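Colleague: Next come a sequence and a model predicted from it.
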Amino acid sequence: MDNPQARDINNKSFWRKMSEILQVTLEMLEEAAREQGINLDILVHLDRLRRKTEELFSDARAFVRPGFD
């Protein structure tokens with residue numbers, strides 16, 4: 001993250017770079033799983049479940065837990 005804006009958690013550039021890092025990490029994980037004969041198909045189902053849950057409870061991430069957040 002050489003760009004100073006990419007270090008600012010409130011900047012879109014930060015989240016774009018974080019997304020890129022996570023995508024590369026996922027690709028590496030998938031490759032390693034294939035090499036070890038591990039089936040990661042369940043992740044697709046879990047991701048769909050997460051997305052549907054976030055659609056149903058779209059305000060959940062905005063919830064502030066008093067004394068924790």
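Modeller: Happy to help now that I have it. What you see is a predicted model, and the numbers here were worked out from it, not measured in a lab.

Colleague: which parts of the lengthiest helix in the chain are buried?
Modeller: When the chain is parsed with DSSP state H, its longest helix is helix 12-36. Neighbour-count burial for helix 12-36 flags Phe14, Lys17 (criterion: 16 or more other CB atoms under 10 Å). Bear in mind the C-beta positions are built from the backbone N, C-alpha and C, glycine included.

Colleague: following that helix, which helix or strand shows up next?
Modeller: Next helix or strand after helix 12-36 toward the C-terminus (DSSP states H and E): helix 41-56.

Colleague: Other residues contacting that following helix?
Modeller: If you take CB atoms under 8 Å, 6 or more residues apart in numbering as the criterion, helix 41-56 is touched by Ala60, Arg61.

Colleague: so how far is it from its chain's centroid?
Modeller: Averaging C-alpha positions (CA atoms, centre = their mean, to the nearest Å) puts helix 41-56 12 Å from its chain's average.

Colleague: And Trp15, how close does it get to Phe63?
Modeller: Between Trp15 and Phe63 the distance is 20 Å, computed by CB to CB, to the nearest Å.
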